[in-house]
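> structure for this input, please:
(one chain, ligands or ions: 1)
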Amino acid sequence: MQLEITLEGATVVLLGEADASRQALLRFRRAGAAVAHFDSAAAFMAQAGSPAHPALPARPGLVAVVGSLSANGKHHGATNDDGEWAPVVDHYRRAGVPIVREPAAGARGHVTLVGGGPGSRGLLTVDAVEALRAADVVLFDRLAPWRELERLTTAQLVDVGKLPGHHKVPQGEINRLLVEFAKAGSNVVRLKGGDPFVFGRGGEEAAACAEAGVPLRVVSGISSSIAVPAAAGIPVTHREVSHCFTVISGHAPLTASEHEHLAGLGGTIVVLMGVANLPHLASGLRRAGMPLDTPVAVVERGHQAGQRTTVTELGRAEADTSACGNPAVIVIGDVVRLAGGAGRAAEGRGFHDLAASLLTA
Ligand code: SAH
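Take a look at the predicted model:
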């Protein structure tokens, strides 16, 4: 069931301990409501005397109780006993006022590293959405699903992908900001693209928090290394086609021996941050003996507007991908042939036909 109530100009009676209510208060104010907040039943009685006190509207638009509902439907306030709000809530319920539960705000002085997935709202995890909702400050960059943030959180948003002068914030400065915001008492979310621990420098941010004694939680995300090939219909493994996949960073050029090891594995190679170095990688893999007709796909802006897949072969990858740009995931290996709508599928065969033909080849 989804109820829609317009809160613009309405009075909301918000019941909950001050700290736990801080984000619900912001949410209701942002929705245009006038909020009458009480942080304890005693405060309610002292200020209002009774629910029928003239200082309160007899029928507010909404009553919101901060806390969570346990599995048996019993209400747990963040710091209040279950029963504390019962007389107030019962009064309003009898008056026909809708009652909602609002989640308690996150703990203060805490950092959560959140993997935001490859950029679409649908690939945020439930834990990621909950962490964003409980945050006071969110530090994000442009690989994360940042366009959705205004709708997902009341937190202060800090774009660390760019400074006001359009420069990327250096990693050391991001680490410092995380610690500083947490020490100032905020619940801080660091929202990262994909998974925080896959080339995301999440490990460095975690270390900075540990060093400063700031509690840290990690919410894993859906990594672009798997989800972006999938967006182009490419499975990174497939029975009897590829039984392993190696995820590498294309940021720093590989050595000759690394090219040989990669080529020797015979599985799928997934390259992140690799567009600029693709010519070096392709020539290195050819020198290491990888067949020239090994399929290569470059998937740009996976799961985002403007997603584009370019399919080619190792022998002519440089020329065919010269127009490709970041962000992109490169996939090298026979699984590329399984792509729906790409490669051999472009010849009119669907995924299942392709899989069948590969298996019987
Ligand atoms: N932690 C991230 C990766 C960070 S490195 C993860 O797990 O996905 C950044 C690289 O990820 C980009 O250069 C690009 O190679 C890849 N990437 C991230 N999101 C992408 C997207 N939506 N489309 C294509 N490539 C993406």
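> buried set for the helix or strand hosting residue 91?
Secondary-structure assignment from DSSP states H and E places residue 91 in helix 86-94. Residues of helix 86-94 classed as buried: 88, 89, 92 (neighbour count, 16 or more other CB atoms under 10 Å). In short, each C-beta sits where N, CA and C put it, glycine included.
> of the residues you listed, which are in range of the ligand?
When CB under 6 Å from any ligand atom is taken as the criterion, no member of the buried residues of helix 86-94 contacts the ligand.
> moving C-terminal of the helix holding residue 91, what's the next helix or strand?
Going down the chain from helix 86-94, the next helix or strand is strand 99-102, by DSSP H and E.
> and that following strand, how far from the chain's centre?
A distance of 26 Å separates the centroid of the chain from that of strand 99-102, by CA atoms, centre = their mean, to the nearest Å.
> what pairs with it, parallel or antiparallel?
With DSSP bridges as the criterion, the sheet partners recorded for strand 99-102 are strand 62-69 (parallel).
> now what about the strand it pairs with, what contacts it?
Counting by CB atoms under 8 Å, 6 or more residues apart in numbering, the neighbours of strand 62-69 from elsewhere in the structure are 5, 7, 10, 12-17, 20-21, 24, 28, 33, 75-78, 80, 85, 88-89, 92, 97-104.
> please, a PyMOL command that selects the buried ones among those residues?
Only the buried members of the contacts of strand 62-69 end up in this PyMOL selection, burial being decided by 16+ other CB under 10 Å:
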select buried, resi 7+10+12+13+14+15+16+17+20+21+24+28+33+75+77+78+80+85+88+89+92+97+99+101+102+103+104
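> now for the residue sitting nearest the centre point of the chain: which residues touch it?
Most central in the chain under CA atoms, centre = their mean is residue 116, positioned 1.6 Å from the mean C-alpha point. Residues near residue 116 by CB under 8 Å, 6+ apart: 124, 128, 140, 143, 144, 145, 191, 192, 193, 194, 221.
> out of the residues you listed, which comes closest to the ligand?
The closest of these to the ligand turns out to be residue 194 (CB to the nearest ligand atom; 1.9 Å).
> contact partners for that closest one?
Contacts for residue 194 (CB under 8 Å, 6+ apart) come out as 115, 116, 117, 118, 143, 200, 221, 222, 223, 224, 225, 227.
> kindly report the same for residue 313.
Counting by CB under 8 Å, 6+ apart, residue 313 touches 292, 293, 294, 295, 296.
> report the beta-bridge partner residues of it.
In this structure, residue 313 bridges to residue 295 when assessed by DSSP bridges.
> state the pLDDT value of it.
As predicted, residue 313 sits at a pLDDT of 98.
> before we move on, what about residue 347?
39.
> ok now the helix holding residue 91, how far from the chain's centre?
Distance, stretch centre to chain centre, for helix 86-94: 38 Å (CA atoms, centre = their mean).
> other residues contacting that helix?
Contacting residues not belonging to helix 86-94 are listed as 13, 15, 41, 44, 51, 52, 60, 63, 65, 99 [CB under 8 Å, 6+ apart].
> can you tell me which two in those residues are farthest apart?
Considering CB to CB, no two members of these lie farther apart than 52 and 65, which are separated by 19.0 Å.
> the two - which one has more neighbours?
residue 65 (23 against 10; other CB atoms under 10 Å).
> ok, the more buried one to the ligand distance?
With the distance defined as CB to the nearest ligand atom, to the nearest Å, residue 65 ends up 38 Å from the ligand.
> sorry, back to before: skip the chain neighbours and tell me the closest residue to the residue nearest to the centre of the chain.
residue 144 (3.7 Å; CB to CB, 6 or more residues apart in numbering).
> test my guess that the one you found contacts residue 119.
Yes: under the contact definition of CB atoms under 8 Å, residue 144 touches residue 119, with a separation of 7.3 Å.
> what residues of stretch 312-326 count as buried?
Per 16+ other CB under 10 Å, stretch 312-326 contains these buried residues: 312, 313, 314, 315, 317, 321, 324.
> now that stretch - C-alpha only, PDB.
Coordinates of the C-alpha atoms in stretch 312-326 are reproduced here as PDB (Å, rounded to 0.1, in the frame of the first residue of the first chain):
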ATOM      1  CA  THR A 312      35.900  -5.800 -32.000                       C
ATOM      2  CA  GLU A 313      38.800  -8.300 -32.000                       C
ATOM      3  CA  LEU A 314      42.200  -8.100 -30.400                       C
ATOM      4  CA  GLY A 315      43.900  -7.700 -33.800                       C
ATOM      5  CA  ARG A 316      42.300  -4.400 -34.500                       C
ATOM      6  CA  ALA A 317      41.100  -3.200 -31.100                       C
ATOM      7  CA  GLU A 318      43.100   0.100 -31.200                       C
ATOM      8  CA  ALA A 319      41.500   1.400 -34.400                       C
ATOM      9  CA  ASP A 320      38.000   0.200 -33.600                       C
ATOM     10  CA  THR A 321      37.800   1.700 -30.100                       C
ATOM     11  CA  SER A 322      39.600   5.000 -30.700                       C
ATOM     12  CA  ALA A 323      36.300   6.900 -30.300                       C
ATOM     13  CA  CYS A 324      35.500   5.200 -26.900                       C
ATOM     14  CA  GLY A 325      35.800   7.200 -23.700                       C
ATOM     15  CA  ASN A 326      35.400   6.900 -19.900                       C
END
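> which residues of the stretch 201-350 of the chain lie near the ligand?
Residues of the stretch 201-350 of the chain lying near the ligand (CB under 6 Å from any ligand atom): 223-225, 228, 272-273, 301-304, 326-329.
> pick the one among the residues you listed closest to residue 178.
Distance to residue 178, by CB to CB, is smallest for residue 223 among these, at 21.4 Å.
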